[in-house]
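Q: sharing a sequence plus its predicted fold:
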Amino acid sequence: MVTSKLSVFIFILIAFSQSVFATTRVTATVDRNPAILNESIVLEVIADDSLDSTAFNSRPLMQDFIVGNTSVSSHTQIINGDMSRTTKWTTLLIPRQAGKILIPSFTIDGISSQPIELEVIAANAQANNQHKELFIDSQVDIDSVFVQQMISYTVKLYIATDLQSGSLTEPAMPDATINQVGKDKETNEIVNGKRYRVIERVYSITPQKSGTFTISGVVFNGEVVESTRRRSFFNSMTRTKPISRVGNDIEIEVQPIPDNYPENWLPSEFVTITEEWQPIATEYKVGEPITRTVSLTAVGVNESILPEITFTADGNIKIYADQAKSTSVQRNGKVISQRVESAAFVPNQSGEYTLPEISVPWFNTITKEINYATLPAKTITVTGQAINQTLATNDAQPLTQNSDVTDSVESLTTPSFSVEPNVSFNLLTLLSLGLWLLTLLAWLLHVKYLKQNHTADIPKKRGAEPSTPASGKAYWNKMQSAVKADDTNAFYRAMLTWFNCVYHPLNVQSVEDIKKVLQTASTGKQRDFFSDLEKQLNLLNYALYSSKQLESNEWHGAQMMKLLKQLQQEKSITLAHKTTHPIQLEPLNP
């Protein structure tokens, strides 16, 4: 009975206290004043009553601050019979600019707080970061670009404390495409004598319009473990505190497409085009498909803007184009994109045919000039008998008369028997047409198989020494001619084809592919030799890539020819390559 009466009394007391409590005071404080630009401060707003979480509105702060999440907590305590209640709102603020900023008063439940005059200091970056436990550094590889020229934006998050959790926003720029490149990298650095754990992230930013733009810095929000000097048995729980940082803004100048540029806008530091033929031969036969694969590679562009390559040929050569493939990869902070196009050329008449030159214009963003990536015209020789015009042309007349059918049957088949006059001619016609359709179907399947497997190689016998076929000798002569003419581009194209001829089934498509093979074989006594050859390859790559003349350590064609000759003649050097597929760009996210 006594217990029930006590419960009723406590209930009446609580109900009475709720009716008499009302908000009488609202206070607003910040944890630091002055504050440092791009560093977060903690704003606390406390009301002496139990209130709804929506009673505090942070929107008036958004003009001068980057406003983080707001947490709400309520507290009730009774001391000597006196009950008190408080509601606290905690918000992270990052000042948008240096100077004096007025934090306005906040009105909650009819009571207003006092405004706060906050001073924001833009400290020197090096001095500012000297004693920080967490800061952000953002950089771009270039601040003046052309439309659709890729910008490499690198952000580094320096952490010198225990990070409990965190998230990083993306940079922002109007009228631009922004993508993360690769995965985050984690390293360690010492800055001003202090060790930091560094998380690095790279973005590609591709502007779509000309003008002056600002890349807004990334924002980090997280929680770090709060350091405590003393930790007892009764206070062993880990305490965390919220923290926010914002990266520096970067201004970018985007220039328009030059008026004199021809077509298919392609801004890049370096563009190259290479081709591969299967089979590699000096003469081809009528009706046998020839697979031509052309690879267009560009540095610092998105793969989506690489232009389409159009194959053309004489009317006596049918072209069956395959679907193009595009890919991108990151190398040394640069995005390298590649478009590969393949087609089967099927000649239906013997003779010599000249395939026209393929030329792709591109704008050199280093020299600010229009350049051309070119594949020279190629003449092929086709031998054998011409395919019957009824099969080779698309404008053949339909077979409607018996005489036409008879001529077609006689041209397609060699009779080994005589047809008696009483044999039904319609039956023979249907049988011949059926055989013709089966032959045509088998031929189409053969063409499709060759298109899908154009990189398949002919297996070699073990122990056989590599020999130089006639085509290899021809390309060796082309390399010598290119050295005499001081034509690095012609030497580069001839060298790639020579490697594929001499060291079949190696299927190299660039200097990097050759270096990979050399690294695999560079063991033992030949290590110095491979080092010299790799050095000359690097110098050749630089001569092709750079628009400036080399002042020292220039690439020497004669030295390269000497090393290649030694490579071919040295029987103890073998270039082992197990796969029969061409070396391709690695996937962007392996």
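A: It's in.
Q: quick check: closest non-adjacent residue to Ile142.
A: Ile151 (6.4 Å; Cβ to Cβ, 6 or more residues apart in numbering). For glycine as for every other residue, the C-beta is placed from the backbone atoms N, C-alpha and C.
Q: any idea what that neighbour is bridged to?
A: Judged by DSSP bridges, the bridge partners of Ile151 are Ile205.
Q: so it touches Phe213, yeah?
A: No: using Cβ atoms under 8 Å, Ile151 is not in contact with Phe213; the gap is 10.3 Å.
Q: neighbour count winner among these two?
A: A direct count of neighbours by other Cβ atoms under 10 Å for Ile151 and Phe213 places Ile151 higher, at 24 against 18.
Q: tell me the contacts of that one?
A: Residues in contact with Ile151 (Cβ atoms under 8 Å, 6 or more residues apart in numbering) are 140-142, 145, 204-207, 252.
Q: what of Thr24?
A: Going by Cβ under 8 Å, 6+ apart, Thr24 touches 48-49, 111.
Q: those residues in strands, which ones?
A: Judged by DSSP state E, strands contain the following of the contacts of Thr24: Ile111.
Q: just curious, which of the contacts of Thr24 is nearest to Gln323?
A: Asp49 (69.2 Å; Cβ to Cβ).
Q: pLDDT score for the spatially closest residue to that closest one that is not a sequence neighbour?
A: Nearest residue to Asp49 in three dimensions, chain neighbours excluded: Thr23, at 4.2 Å (Cβ to Cβ, 6+ apart). Looking at Thr23, its pLDDT reads 71.
Q: surely Thr23 is in contact with Phe106?
A: No: between Thr23 and Phe106 there is no contact under Cβ under 8 Å: 11.9 Å.
Q: comparing the two, which shows the higher neighbour count?
A: Shown here are Thr23 and Phe106; by other Cβ under 10 Å, Phe106 has more neighbours (23 against 17).
Q: contact partners for the nearest residue to that one once chain neighbours are set aside?
A: Leaving aside its sequence neighbours, Phe106 sits nearest to Ser113 (Cβ to Cβ, 6+ apart; 4.9 Å). Applying Cβ under 8 Å, 6+ apart, we find Ser113 in contact with 26-28, 45, 105-107.
Q: mark which of these are buried, thanks.
A: In terms of neighbour count (16 or more other Cβ atoms under 10 Å), the buried residues within the contacts of Ser113 are 26, 28, 45, 106.
Q: what about the third one, distance to Ser84?
A: By that I understand Val45. Remark: distance between Val45 and Ser84 (Cβ to Cβ, to the nearest Å) = 17 Å.
Q: next: the last one.
A: As for Phe106, its distance to Ser84 is 20 Å (criterion: Cβ to Cβ).
Q: also the first one?
A: Using Cβ to Cβ, one obtains 15 Å as the distance from Val26 to Ser84.
Q: could you do Glu341 as well?
A: On the measure of Cβ to Cβ, Glu341 and Ser84 end up 77 Å apart.
Q: the more surrounded of these two?
A: Glu341 (22 against 12).
Q: may I have the secondary structure class of the more buried one?
A: At Glu341 the chain is in strand, as set by DSSP: H, G, I helix; E, B strand; the rest coil.
Q: now the terminal residues of stretch 37-53, how far apart.
A: Taking Cα to Cα, to the nearest Å, stretch 37-53 runs 29 Å from one end to the other.
Q: same for the helix or strand where Ile178 lies, what does it pack against?
A: For Ile178, the host element (DSSP states H and E) is strand 176-191. Under the contact criterion of 3 or more Cβ pairs under 8 Å, 6 or more residues apart in numbering; DSSP states H and E, strand 176-191 touches strand 151-159, strand 194-207.
Q: contact partners for the closest residue to Trp498 other than its chain neighbours?
A: Nearest residue to Trp498, sequence neighbours excluded (Cβ to Cβ, 6+ apart): Tyr475, at 4.1 Å. Tyr475 makes contact with 494-495, 497-498, 501, according to Cβ under 8 Å, 6+ apart.
Q: need the next SSE after the strand or helix carrying Tyr475, C-terminal direction.
A: For Tyr475, the element it lies in under DSSP H and E is helix 470-485. With elements assigned by DSSP H and E, the helix or strand that comes after helix 470-485 is helix 488-502.
Q: may I see the buried residues of that next one?
A: Buried residues in helix 488-502, counted by 16+ other Cβ under 10 Å: 488, 490-502.
Q: now stretch 475-490
A: Neighbour counts over stretch 475-490 (16+ other Cβ under 10 Å) mark 475-476, 478-479, 482-483, 488, 490 as buried.
Q: redo those as JSON lines? Include pLDDT.
A: As requested, the buried residues of stretch 475-490 are arranged in JSON lines below (pLDDT from 0 to 100):
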{"residue": "Tyr475", "pLDDT": "83"}
{"residue": "Trp476", "pLDDT": "88"}
{"residue": "Lys478", "pLDDT": "86"}
{"residue": "Met479", "pLDDT": "88"}
{"residue": "Ala482", "pLDDT": "87"}
{"residue": "Val483", "pLDDT": "88"}
{"residue": "Thr488", "pLDDT": "84"}
{"residue": "Ala490", "pLDDT": "85"}
